[in-house]
Each structure stands twice: as C-alpha cells, then as structure tokens.
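1. Just need the structure, nothing else, for what follows:
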Amino acid sequence: MEWWPQLEGRLEQVVREVIAPAADDTDRQARYPRAALDALSHAGFLGLLSAREVGGLGGGLAESVRVIERIAQDCPCTAMVLTMHYCGVALIEPFGAAPAIGAVRRAIAAGLHVSTLAVSEAASRSHIWAPAGTASGADTDDVVHLNALKSMITSAGEADSYVWISRAIQGEGNTLWLVNSRLPGLHIPSRFDGMGLRGNASSPIAAQDVAVPRHCMLGADGEGEAVKGRYLMPFFTTLIATTSIGLMQGVLRRMLAHVGGTYFASTGAALADLPTIRAYLAQAQLKADQAQLLRDDAVAAVQAQRADTRTRLLQCKAAAAEAALEVTNIAMRVCGGAAFRKELGIERLFRDARAASVMAPTTDVIYDMLGQSLCEAAR
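-> Model prediction:
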C-alpha cells in the first residue's frame, strides 16, 4: 500500500523510543505495556486493520505481519498484546452492522479501543474449539447470559473488549460474542505471574451471569468455528508465528553483537573467530529463515486462497514456535554467562520464546491435526 513506507518509519520510531527502552521493565515488573499501546495508538497502529470507512487504515494480513515482526525483535510481550488485538479486530470488522459493534469499530480505528481474544478455558485447555462456557437465553430475549472460566486471556482486565467464545445457545457448535470488558459479572480470579511474556496480563477471566446484548453476537449461533476459520485463523496462526520470528531476529542481533565485540585477552581473537561459534550462528540463522519462509508462504496461501492454506497456517505456527526454542537455546550456549545475565537481553527472549509452543493450539495438538490430515489423505 502507498502509505506503508511512512507508517513503517513511524513504527521504527515507536519501537526505538518507547517499546525497546521499556522492554526490560515490562518484563521485570510484569507491567502491562500501556505506554507502548498509547504510542502505537497515536501512530495509527491500533486501527491498522480497521476499514477506511470507519477511519482505519484498511490494512491486511501482510501489513500486520510486518508490524508484529518488528515489535517482537525488542519486546515480544508487546507484540503478543498487539497480536491478540489484531485477532479481535479481524473478528469484529466483518460484523459491524449492529450499532454497538459499529461504535466499537470506530473506536478501534481511532486508536481508542483495545480488544483481545477470550477463547481458552480451564475446562477445554488446548482444545479451543470445544468451550465449556455457556450462553443462555430464550429466542425472544434481547440479552443472553454468559457463564465461563476463561484461562490465559491476554490483556485480561486491560482490554476494552473481549471476543468471547461460548457453547451455542441452542444445538451443537459454538458462538462468538463481542463483550464489553467492564460488564458486571466479569472478574479476574488471579493475576498472571508467568515465566515469559510477563507483561501481557494473561490471566483467567470468570464470567457469572454476564448479560450481553444479543446483537453483540458475531455471526450466527453455533457457527463460531466457521467464523473463526474464515476470519481469525489467518491472523491468529501467522501473527503468533511472527512473534516467534521477530523474537528470533532479536536474539540473532544480540548474539552477533556479543560474539563480534567480545575478545580473548590472551590472543586478541573475538568469539566470532571460533569455528564452533560460527557454526552455531549458522544453525540459528537457518532455523529462523526456515520459519520465516514458511510463514511467508502461509501468507501467500491466504492471499491466493490456495487449497493448502489450512495446512500452511498450522505448519507455520508450529515451525516458528519450535524454531524459537532452538534458536534461543543456541543463543544461551553461544553467549554463555553473558546470556545468563539480564543485561544482554537474551535471557528475557529465551523465556519469552517458551510461550508459543504451549499456546493453544499447542505444537503437539497441531502435529496431531496435521497427522490426521495426512492419514485421511492416504486412505
């Protein structure tokens, strides 16, 4: 798009001046990156996916990938918060006919509203397509009542709205809702204190008889999986993969700076002069590049509506998550004691990298899905 070069310059400025300097404190204090979101809002990035008709930039998957990749190089936590916002927007945008949803779309486009996904639940764990939470109400009721215990919801208590999944009101399947995060009956039972991505407020949310207007349903009752498959899956898998890819780029940058600028006093040789070190660096770059190429092909598959799109989307999330584990392991080995300390920044990225492989659908669940597809194709 013609406006992208200017926007890319704004993004670089926000990352360098706001996001990167705060990344260590975001991690140490488990502090939600509110200042980063404010800066991204002022620069137009909260409305990146919002339609031009409501004041947004009208961007798409390719632009959101570039934004998340750059941010994740310095603060994967902020990248994940923005990822879940973009995922929420991807589900909100197609259903803006209702006045309440239209108002949220305009607020997002103006940078005044942060959304997120409220999908995972304690009862269903990584099987995010099978919620235990319910939505109840008669056909003639103007409101329905939500009851659930959500788990690991990014931006819990911080976002302005949740894109919520429940069982269908009637029959089989599940249903999506746009839920105002300030509604009575919503509360956060415990705060997040995790190994990595410590500032993303990924906490449980309990809902007890939360009254939600029926017109805040996103799509038809019981059709949640179809809606998610069409609008959410391209963003969800590729942007989580992209957070891992940006993280790997950040780790490689820090590794190269360390080995190129660290010397042995006895010989004057740099760490980068050691063949073993160079081999490890090559392995790390290869892993990162493979994940990026697969992600890029997944984006191309979405844009071309290829028959293998679902496979590529699942593959790119799993591949990037596993590659991030390997690349950060290499970084810890290559940089040794320096990586073990906080100041180099590798230790933080090492911990952050652990999240994607256990984020639903986990890598193991994705392997099972892909394996099932292979077996079905072979019959």
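2. which residues in the protein form helices?
-> 4-14, 20-28, 34-42, 61-72, 76-92, 99-109, 224-227, 233-261, 275-304, 309-340, 346-352, 363-378 (DSSP state H).
3. between those helices, which gets the lowest average pLDDT?
-> For the helices of the chain, mean pLDDT drops lowest on helix 4-14, to a mean of 91.
4. before we move on, the earlier item: export the helices of the chain to a markdown table and append columns for distance to residue 144 and mean neighbour count.
-> The C-beta positions use only the backbone N, C-alpha and C, and glycine is treated the same way. Below are the helices of the chain laid out as a markdown table (distance: least, Cβ to Cβ, whole Å; neighbours: other Cβ atoms under 10 Å):
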| stretch | distance to residue 144 | mean neighbour count |
| --- | --- | --- |
| helix 4-14 | 39 | 14 |
| helix 20-28 | 36 | 18 |
| helix 34-42 | 30 | 19 |
| helix 61-72 | 31 | 22 |
| helix 76-92 | 18 | 28 |
| helix 99-109 | 14 | 19 |
| helix 224-227 | 14 | 19 |
| helix 233-261 | 25 | 24 |
| helix 275-304 | 32 | 17 |
| helix 309-340 | 31 | 21 |
| helix 346-352 | 37 | 23 |
| helix 363-378 | 29 | 12 |
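5. quick one, which of those helices is nearest to residue 198?
-> Nearest to residue 198 among those is helix 20-28 (5.1 Å), distances taken as Cβ to Cβ.
6. Could you save the helices of the chain as CSV and add columns showing distance to residue 141?
-> Listed next are those as CSV, based on distance: least, Cβ to Cβ, whole Å:
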stretch, distance to residue 141
helix 4-14, 44
helix 20-28, 42
helix 34-42, 35
helix 61-72, 36
helix 76-92, 23
helix 99-109, 16
helix 224-227, 19
helix 233-261, 31
helix 275-304, 37
helix 309-340, 36
helix 346-352, 44
helix 363-378, 36
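7. and of those helices, who's closest to residue 146?
-> It is, among the helices of the chain and with distance given as Cβ to Cβ, helix 224-227, at 13.3 Å.
8. neighbouring contacts of stretch 24-42?
-> Outside stretch 24-42, the residues that touch it by Cβ atoms under 8 Å, 6 or more residues apart in numbering are 14, 17-19, 22, 46, 75, 77-78, 81-82, 111-112, 114, 155, 158, 192-193, 198-201, 342, 345, 348.
9. Mind checking which of these are buried?
-> With burial judged by 16 or more other Cβ atoms under 10 Å, the buried subset of the contacts of stretch 24-42 is 14, 18-19, 22, 46, 75, 77-78, 81-82, 111, 114, 155, 158, 192, 198-201, 345, 348.
10. Contact partners for residue 166?
-> 131, 133-135, 146, 148, 174-175, 177.
11. shouldn't residue 100 be in contact with residue 214?
-> No. In this structure, residue 100 is not within contact of residue 214 by Cβ atoms under 8 Å, at 10.6 Å.
12. and which of the contacts of residue 166 is nearest to residue 367?
-> residue 131 (22.6 Å).
13. Count the residues that sit near the residue nearest to the closest one when sequence neighbours are not counted.
-> Excluding its sequence neighbours, the residue lying closest to residue 131 (Cβ to Cβ, 6 or more residues apart in numbering) is residue 165, at 5.0 Å. Counted with other Cβ atoms under 10 Å, the neighbours of residue 165 add up to 29.
14. Contacts only, for residue 165.
-> Contacts of residue 165 by Cβ under 8 Å, 6+ apart are 118-119, 128, 131, 133, 174-177, 224.
15. distance between stretch 19-39 and the chain's centre?
-> Its chain's C-alpha centre lies 16 Å from the corresponding centre of stretch 19-39 when counted by Cα atoms, centre = their mean, to the nearest Å.
16. One more: stretch 32-49?
-> The answer for stretch 32-49 is 15 Å, by Cα atoms, centre = their mean.
17. I'd like the numbering to begin with 28 instead of 1 from here.
-> All right, first residue 28 from here; so that's stretch 59-76.
18. ok so, going back, okay, who's weakest in the contacts of residue 192 by pLDDT?
-> residue 155 (81).
19. still on that earlier bit, filter the contacts of residue 192 down to the ones in strands?
-> If you go by DSSP state E, those have 145, 201-204 in strands.
20. Return the closest of those with respect to residue 330.
-> Distances from residue 330 to the ones in strands among the contacts of residue 192, taken by Cβ to Cβ, are shortest for residue 203, at 24.1 Å.
21. Could you report the neighbour count for the closest one?
-> 28.
22. isn't it right up against residue 246?
-> Yes. Between residue 203 and residue 246 there is a contact at 5.9 Å, judged by Cβ under 8 Å.
23. list residues touching both of the two?
-> residue 254.
24. Tell me which of the helices of the chain lies nearest to residue 237.
-> So among those, helix 126-136 is nearest, using Cβ to Cβ, at 15.0 Å.
25. Report all helices and strands that the closest one contacts.
-> Under the contact criterion of 3 or more Cβ pairs under 8 Å, 6 or more residues apart in numbering; DSSP states H and E, helix 126-136 touches helix 103-119, strand 201-207.
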